[in-house]
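> Quick one: sequence plus predicted model below, questions after.
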Amino acid sequence: MITAVVIFATVLMAVWLLLPKLQPKPEFFSDSFENGFGDWTLDSQVPEDPNNPGETVAWKIERTSDVSLSGDHSVLFQIDGTQDDGTIWLERKLELPSNSAKIVTLSFQLWSPSESFNTIAEVVAYIGEDNAEVEDDFHVLGAADQVAGWKAYSLSVETNTGSLGEVFVAFGISVRWETEMSYFADSVEIAAS
């Protein structure tokens, strides 16, 4: 009887000591664009410019040192929204263990030039098994221009990594007012657990 109790206590102690090591560690990615775009690529769905047939409205996403939250750099999102349409974003692929369910959380800071009661642009993000291709793929996280300066935004989605172990994340802005607009993004963090 005492031997069984000792064995049972030993097994419980071993499980208690090993359990934290057996739990999968969360994957974590962060970027403040100090060394270029890294694994991020630029993408968009923007309308044709009626003043330049065959051309889309002007837009750009570029690394800049004009405004930053952490470090010396951030990313500028700029678009001619006078057609009252267009979404621009940064996207990247995460490589995670294959065929596993993950909760992926994307968070970042967005800088707006001023506070506005009008919705000039919406802040959008995407997390999924496929690459985002159009505005309808995105979740609206809220209006930009809620404050003058930096504001945090985030999206959390439960997804499956599939046989390739790939999850795509993206974030950007979507035009809601007929004007030219500029925003900055910084301090991007992605956690998968």
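Looks like it arrived, so ask away. Numbering: from 1, shown residues only.
> Helices of this structure, start to end?
Taking DSSP state H to define them, one finds helices in the chain at 2-22.
> Flag the shaky bits of it, pLDDT-wise.
Across the chain, the ranges flagged by pLDDT under 70 are 1-26.
> Ignoring the adjacent residues along the chain, who's closest to N160?
Of all residues not flanking N160 in the chain, A101 sits nearest, at 5.6 Å (C-beta to C-beta, 6 or more residues apart in numbering). Any C-beta I mention is one placed from the backbone N, CA and C, and that applies to glycine too.
> which residues does that neighbour contact?
By C-beta atoms under 8 Å, 6 or more residues apart in numbering, the contact list for A101 reads 158-161.
> ok, what's across the strand from V157?
Beta-bridge pairing of V157 under DSSP bridges involves V104.
> quick one: it and A125 touch, right?
No: applying C-beta atoms under 8 Å as the test, V157 and A125 come out as separate, 9.1 Å apart.
> Compare neighbour counts for those two and give me the winner.
Just comparing V157 and A125: by other C-beta atoms under 10 Å the higher neighbour count belongs to A125, 22 against 16.
> how much space between Q78 and L96?
Distance of Q78 to L96, given as C-beta to C-beta, to the nearest Å: 32 Å.
> cool, and L141?
In terms of C-beta to C-beta, L141 sits 23 Å off from L96.
> Then K102?
6 Å.
> Mutual contacts of the two, please.
Counting by C-beta under 8 Å, 6+ apart, the residues touching both K102 and L96 are 27, 161, 167, 192.
> In contact with the last one, which residues?
Shown here is A192, whose contacts under the criterion C-beta under 8 Å, 6+ apart are 26-28, 94, 96, 102-105, 167.
> about what we covered before: more crowded one of K102 and L96?
Counting neighbours by other C-beta under 10 Å for K102 and for L96 shows that K102 has the greater number, 22 against 17.
> T159 is in contact with the more buried one, correct?
Yes: if you go by C-beta under 8 Å, K102 and T159 touch, sitting 6.0 Å apart.
> Please name the residues that touch the residue nearest to N131 when sequence neighbours are not counted.
The spatial neighbour of N131 that comes closest, neighbours along the chain excluded (C-beta to C-beta, 6+ apart), is F168 at 4.8 Å. In this structure, F168 makes contact with 91-94, 126-132, judged by C-beta under 8 Å, 6+ apart.
> Kindly report the same for S187.
30, 32, 69-70, 108-109.
> From those, pick the one nearest G86.
F108 (19.7 Å; C-beta to C-beta).
> how far away is the spatially closest residue to that closest one that is not a sequence neighbour from L110?
Of all residues not flanking F108 in the chain, V188 sits nearest, at 4.4 Å (C-beta to C-beta, 6+ apart). Distance, V188 to L110, by C-beta to C-beta: 10 Å.
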